[in-house]
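# next comes the sequence, and after it the predicted model I'd like to discuss.
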Amino acid sequence: MDITINTPALLFPAISLIMLAYTNRFLALSSRVRTLHDKFDSTAHDHILHGQIKNLRYRLKLIKNMQALGVLTFLSSILCMYFIYIEWMIMAHWIFAFSLFVFASSLALSLLEIQLSTKALELELSDMEGLEDPSVIEYIKKKFEKD
């Protein structure tokens with residue numbers, strides 16, 4: 001397969017958008033950390049608060065790694081373009097494959113972080129009684145039974 005200098009350049013908009021999304025997630029998470037820090041200082045230390053803090057620490061590590069992999073994808077795409085420019089095509093192919101692998105890894109970490117954010121919300125809701133989470137099928141059945 002032949003790749004041109006435009007091939008790795010096609011990743012640039014995707015990488016830029018995903019880095020923006022990662023930064024937004026980081027900013028939202030940092031705001032939540034500050035809120036929990038104030039709550040931690042002013043209240044008794046309950047198990048829900050401890051669970052949230054543990055979840056946030058892990059998610060912060062994931063976001064840091066997601067961003068690092070995104071930057072590595074950017075740099076490897078630039079390096080690939082350089083190797084195409086100097087016509088070292090074998091190296092360009094390897095670097096491009098590496099950049100795709102790193103980008104996929106970043107997206108996989110993003111999926112994991114999204115799953116953890118859902119668990120954090122479930123933990124937040126866990127102390128509310130009578131609000132059980134029905135399965136999707138039970139939810140649909142209830143909707144049709146009311147009509």
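Alright, I've got the coordinates. Numbers count the residues shown, from 1 in each chain.
# number of nearby residues for N24?
Applying other Cβ atoms under 10 Å, we find 10 other residues in the vicinity of N24. Where C-beta positions appear, they are placed from N, C-alpha and C, glycine not excepted.
# buried residues, the strand or helix carrying it. List them.
With secondary structure defined by DSSP states H and E, N24 is part of helix 11-42. Going by neighbour count (16 or more other Cβ atoms under 10 Å), the buried part of helix 11-42 is 11, 15, 18-19, 22, 25-26, 29, 33, 40.
# and those residues as JSON lines, adding distance to E138?
Formatted as JSON lines, these follow (distance: Cβ to Cβ, whole Å):
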{"residue": "L11", "distance to E138": "42"}
{"residue": "I15", "distance to E138": "41"}
{"residue": "I18", "distance to E138": "35"}
{"residue": "M19", "distance to E138": "39"}
{"residue": "Y22", "distance to E138": "35"}
{"residue": "R25", "distance to E138": "31"}
{"residue": "F26", "distance to E138": "35"}
{"residue": "L29", "distance to E138": "32"}
{"residue": "V33", "distance to E138": "35"}
{"residue": "F40", "distance to E138": "36"}
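# of the residues you listed, closest to M89?
For these, the residue nearest M89 by Cβ to Cβ is L11; the value is 17.8 Å.
# where is the longest helix in the protein?
helix 47-85 (DSSP state H).
# right, and S106 touches M66 too?
Yes. S106 lies in contact with M66 (Cβ atoms under 8 Å); the separation is 5.2 Å.
# still on that earlier bit, elements contacting the helix holding N24?
If contacts are counted by 3 or more Cβ pairs under 8 Å, 6 or more residues apart in numbering; DSSP states H and E, helix 11-42 sits against helix 47-85, helix 89-125.
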